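Novice: A predicted structure for the sequence below; I have some questions about it.
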Amino acid sequence: MCGIVGIVGHSPVNQLIYDALTVLQHRGQDAAGICTLDGEAFRLRKANGLVKDVFETKHMHRLQGSTGIGHVRYPTAGSSSSSEAQPFYVNSPFGITLAHNGNLTNYDELVALMAVMRRHINTGSDSELMLNVLAHELQQSGGQRPSADEVFHAVTQLNRQVRGAYAAVALIIGVGMVAFRDPFGIRPLVLGKKKTEQGYEYMVASESVALDASGFATMRDVMPGEAIFVDNDGQLFTRQCADQVHHVPCIFEYVYFSRPDSTLDQISVYGSRVNMGTKLGAKIAREWRDHDIDVVIPIPETSCDIALQIATELNLPYRQGFVKNRYIGRTFIMPGQVQRKKSVRRKLNAIDQEFKGKNVLLVDDSIVRGTTSEQIIEMAREAGAKKVYFASAAPEIRFPNVYGIDMPTSEELIAYGRDVDEICDKIRADGLIFQDIEDLEAAVREANPSIEHFETSVFTGSYVTGDIDQTYLDRLNASRSDDAKAAKSGEQSTNLEIHNLCHP
Ligand SMILES: O=P(O)(O)OC[C@H]1O[C@H](OP(=O)(O)OP(=O)(O)O)[C@H](O)[C@@H]1O
Ligand SMILES: NC(=O)CC[C@H](N)C(=O)O
Ligand SMILES: [Mg+2]
């Protein structure tokens, strides 16, 4: 779940983009990059690591210009090599750089198409591929400098060829900045503006929190299939560029990915999590009528707002029994299982007095591989808990994700092939309860009833883009399972790491 940002301003944007990326860091911890437009030249810095480690003062000095884009990466395609950090660059036509959040599902078809167009794709990244599709379409416009109409036409053509999930932002030298969202609006994208003495500045970002942090006022969400174009003179144009639109935003943004202080598709992430707590609390009260729970304890950080609401519903005390090490990132988006497993105990530690002799209800937003729940239940018992119950604000996750969450195979999911009792045994809980899918959807939909459906494939196995079959999933499993990634790690370290315009 990467984070993207783009700004067309009237003064240097390097610090603004840096700051925006730091508040989007929770969307990707593997790599970061910024590309600015300094006169007629791009300035690019990208590398593996957190934002604070990738950009040193010397890089920030070089990132001159009042227009730029940025990216934080959580790999879902290709490898985690620094050569696949974003933004990507192509020199023709004009010079284009692009940052992408999401995952394309017709990678092979597009690679073949680009080969016919004599375009070379140097990495396994679907984002590099999408940049080349855009470049090819802009090439077709033929003119010296494409008009807004021609840019929108290029995006329309791209939408006809590219399948999957994408929210993307691109800079085109001498032309402007274009941002677009796939026709299902699976990944989020928001638009904001700031008034200055020289006129308006415009910004797009994955989450509204990035606009807040940069002093931009949120205008609205970019609509599914819509493109936003800000030309070289700072003028804003918008256009619907998809033949058919069906708004199906990813529900996992609300469950886990996004920051609670963001509003996406007019739904407050925080508000949706409180609603998840209300619904799950009601289910616990209904199904565990004679429960003996003494205290509700969240598994920090994402589940805290949900757990507090469950405690309120059940009229039980809420205690922060686990302390989170603020210097350890999110475990779920770490690239390998060994690292994820090791990080749970480094990240969370129990306060014994909150557990000793008590029956505790631990609450998490979701159980995916079970890495967190298995270890945390053990920690609660070690801290002296009598009984440990567990509640998940998301239903059982049994299917791979193909739209930008790195869950490529069912076998890695703890709920795959297991019913609730079997999962309960596996994580060694005294009782386990999951949110129902209808309740989860209702909890998120409440603030924006115009959204009829959410992208919920990890719970249902039904993929909205209609192009996912077992053959696709088998191929994904073969290329991206933890085992497959581990087998490829040697290959990655010998990657030549070609990135144009790199300033080490
Ligand atoms: O079942 P699992 O495979 O362990 O995945 C689910 C867990 O991972 C996430 O936490 P994470 O540590 O990534 O981030 P957080 O601090 O935002 O909760 C999520 O909030 C769950 O706690
Ligand atoms: N999580 C994402 O949005 C990933 C973007 C892109 N597929 C990559 O792997 O770089
Ligand atoms: Mg968590």
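Specialist: Received, thanks. Numbering: from 1, shown residues only. Ligands and ions are numbered 1, 2, ... in the order given.
Novice: surely residue 256 and residue 303 touch.
Specialist: No. Contact between residue 256 and residue 303 fails when scored by Cβ atoms under 8 Å: they sit 9.1 Å apart. No exception for glycine: its C-beta is placed from N, CA and C like everyone else's.
Novice: list residues touching both of the two?
Specialist: Taking Cβ atoms under 8 Å, 6 or more residues apart in numbering as the criterion, residue 256 and residue 303 both touch residue 365.
Novice: who's more crowded, those two?
Specialist: When residue 256 and residue 303 are compared for neighbours, residue 303 comes out ahead with 26 against 23, by other Cβ atoms under 10 Å.
Novice: pLDDT below threshold where in the stretch 401-504 of the chain?
Specialist: Flagging of the stretch 401-504 of the chain using pLDDT under 70 yields the residue ranges 487-504.
Novice: show me where it has its helices.
Specialist: Using DSSP state H, counting those that start in this stretch, the helices of the stretch 401-504 of the chain run over residues 420-427, 437-445, 457-460, 470-480, 482-493.
Novice: mean neighbour count and distance to ligand 2 added to those helices, as JSON lines?
Specialist: As requested, the helices of the stretch 401-504 of the chain are exported to JSON lines (neighbours: other Cβ atoms under 10 Å; distance: least, Cβ to the nearest ligand atom, whole Å):
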{"stretch": "helix 420-427", "mean neighbour count": "15", "distance to ligand 2": "26"}
{"stretch": "helix 437-445", "mean neighbour count": "19", "distance to ligand 2": "20"}
{"stretch": "helix 457-460", "mean neighbour count": "22", "distance to ligand 2": "14"}
{"stretch": "helix 470-480", "mean neighbour count": "15", "distance to ligand 2": "10"}
{"stretch": "helix 482-493", "mean neighbour count": "14", "distance to ligand 2": "12"}
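Novice: mind putting those into CSV with distance to residue 181?
Specialist: Formatted as CSV, the helices of the stretch 401-504 of the chain follow (distance: least, Cβ to Cβ, whole Å):
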stretch, distance to residue 181
helix 420-427, 35
helix 437-445, 18
helix 457-460, 18
helix 470-480, 23
helix 482-493, 28
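Novice: near ligand 1, which residues of the protein show up?
Specialist: Proximity of the chain to ligand 1, by Cβ under 6 Å from any ligand atom, involves residues 256, 299-302, 330-333, 364-373.
Novice: which residues touch stretch 150-157?
Specialist: Looking at what lies outside stretch 150-157 - Cβ under 8 Å, 6+ apart - the contacts are 134, 137-138, 140-141, 143, 146, 172, 175-176, 178, 180, 227, 229, 237, 239, 241-243.
Novice: ugh, wrong one, I meant stretch 286-304
Specialist: In this structure, residues lying in contact with stretch 286-304 by Cβ under 8 Å, 6+ apart are 256, 284, 306-308, 310-311, 314, 316-324, 348, 354-355, 358-365, 372-373, 376, 380, 387, 389, 393, 431, 433.
Novice: of those, buried ones?
Specialist: Under a neighbour-count criterion of 16 or more other Cβ atoms under 10 Å, the subset of these counted as buried comprises 256, 284, 306-308, 310-311, 314, 316, 318-319, 321-322, 348, 354-355, 358-365, 372-373, 376, 380, 387, 389, 393, 431, 433.
Novice: against residue 64, how distant is the residue of the stretch 151-300 of the chain found nearest ligand 2?
Specialist: Per Cβ to the nearest ligand atom, residue 187 is where the stretch 151-300 of the chain lies closest to ligand 2, at 7.0 Å. Remark: distance between residue 187 and residue 64 (Cβ to Cβ, to the nearest Å) = 30 Å.
Novice: which one of the two has more residues nearby?
Specialist: The neighbour count for residue 187 versus residue 64, taken as other Cβ under 10 Å, is higher for residue 187 (29 against 16).
Novice: which of the residues of the chain next to ligand 1 fall in helices?
Specialist: For the residues of the chain next to ligand 1, the ones inside helices are 371-373, with DSSP state H as the criterion.
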